[in-house]
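> predicted model follows, preceded by the sequence.
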Amino acid sequence: MALLRCRGLRKEFGGHVVLDQLDLTVAEHQVVALIGASGSGKSTLLRCVNLLDDLDDGTIELDGEDISDPRVDPDRVRRRIGMVFQAYNLFPHLSVLDNITLAPRRVHGRGRAEAEAQARELLDRVGLGAKADAYPDRLSGGQQQRVAIVRALANSPRLMLLDEVTSALDPELVGEVLAMIRDLKADGMTMVLATHEMGFAREVADEVCFLDAGRVVESGPPEQVLGEPTQPRTRQFLRRII
Ligand code: ADP
Ligand code: MG
């Protein structure tokens, strides 16, 4: 069954069409990689799915519910979605533990002890247990980004949206974040990730979608889209970046 189904998405910014009749279906436990040049609409698509941007047309269903219906409470939807951005957005004045437990306590109404126990367990699992009481500026970029992913996971999301989560990292720190995403896939997490890491997309994605000017130009298994693209625009893009 489809966990996420986007149909005919259209988004304009000041007359400039950024998403154009875009369809995307993501099955439960599936990992979809969005690739495409800067400006092709990857971030806008992820933001629309998380209801951070309004659509101009189209529908988005999550778990069979039309979440693009204007009567839907966006906060209720966002509790089911974990989103992580390119630049780690940890709160600098909060410890790692408080960064992670803030939403579970405030939004989900969990008690402090329960939220902290869950956060410590998640941190232990990714090898950051010793950092629970540290402040973000004491962590490397890779560690901060892993904490940001843990924070998104603390809400027990049905779907994770990852927007170029390794792009701001020094090359030697990329691997630890990719390893964490690999583990999430092994745990069966459904994910849509925008990435410039073609090798990683090939390895981790069940499906790769190539976006150009707000349209899905080509999608399919990574070996096909990245290895034997059928569309000239995809070939052109891959030639440029490899
Ligand atoms: P990508 O993530 O693939 O690089 P984006 O979704 O960020 O692409 O951007 C797609 C297009 O939408 C770009 O032309 C960008 O300039 C434009 N855009 C994105 N957000 C806004 C905004 N808030 N206001 C105006 N234009 C925007
Ligand atoms: Mg982007």
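Everything's here; your move. Ligands and ions are numbered 1, 2, ... in the order given.
> okay, now the closest residue to Gly36 other than its chain neighbours: neighbour count?
Computed as CB to CB, 6 or more residues apart in numbering, the closest residue to Gly36 that is not its neighbour in sequence is Leu211, at 3.6 Å. The C-beta positions use only the backbone N, C-alpha and C, and glycine is treated the same way. For Leu211, the neighbour count with other CB atoms under 10 Å is 27.
> so how far is whatever helix or strand Leu211 lives in from its chain's centroid?
Using DSSP states H and E, Leu211 falls within strand 207-212. The chain centre lies 15 Å from the centre of strand 207-212; the measure is CA atoms, centre = their mean, to the nearest Å.
> each with direction, which strands does it pair with?
Sheet pairing of strand 207-212 (DSSP bridges) gives strand 31-35 (parallel), strand 215-220 (antiparallel).
> what does the longest one contact?
By that I understand strand 215-220. The contact list for strand 215-220 (CB atoms under 8 Å, 6 or more residues apart in numbering) reads 20-24, 207-211, 225, 229-231, 233-234.
> for stretch 184-200, same thing?
Residues external to stretch 184-200 that are found in contact with it (CB under 8 Å, 6+ apart): 3-4, 24, 26-35, 42-43, 45-46, 49, 149, 153, 158-167, 174, 178, 181, 201, 204-205, 226, 238, 241-242.
> CA atoms of it as CSV?
What follows is stretch 184-200, C-alpha atoms only, in CSV (Å, rounded to 0.1, in the frame of the first residue of the first chain):
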residue,chain,number,x,y,z
LEU,A,184,17.1,3.3,9.1
LYS,A,185,16.4,1.6,5.8
ALA,A,186,17.3,-1.8,7.4
ASP,A,187,14.8,-1.0,10.2
GLY,A,188,12.2,-0.5,7.5
MET,A,189,11.8,3.3,7.7
THR,A,190,10.0,4.8,4.7
MET,A,191,12.1,7.7,3.4
VAL,A,192,12.2,10.3,0.7
LEU,A,193,15.6,11.9,0.4
ALA,A,194,16.9,14.6,-1.8
THR,A,195,20.6,13.9,-2.4
HIS,A,196,23.6,14.7,-4.5
GLU,A,197,25.3,11.5,-3.4
MET,A,198,24.7,9.4,-6.5
GLY,A,199,26.6,6.4,-5.2
PHE,A,200,24.6,6.4,-2.0
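> so does it get close to ligand 2?
No - using CB under 5 Å from the ion, stretch 184-200 stays clear of ligand 2, coming no nearer than 5.8 Å.
> now that stretch: buried residues?
Within stretch 184-200, the residues scored as buried using 16 or more other CB atoms under 10 Å are Leu184, Lys185, Met189, Thr190, Met191, Val192, Leu193, Ala194, Thr195, Glu197, Met198, Phe200.
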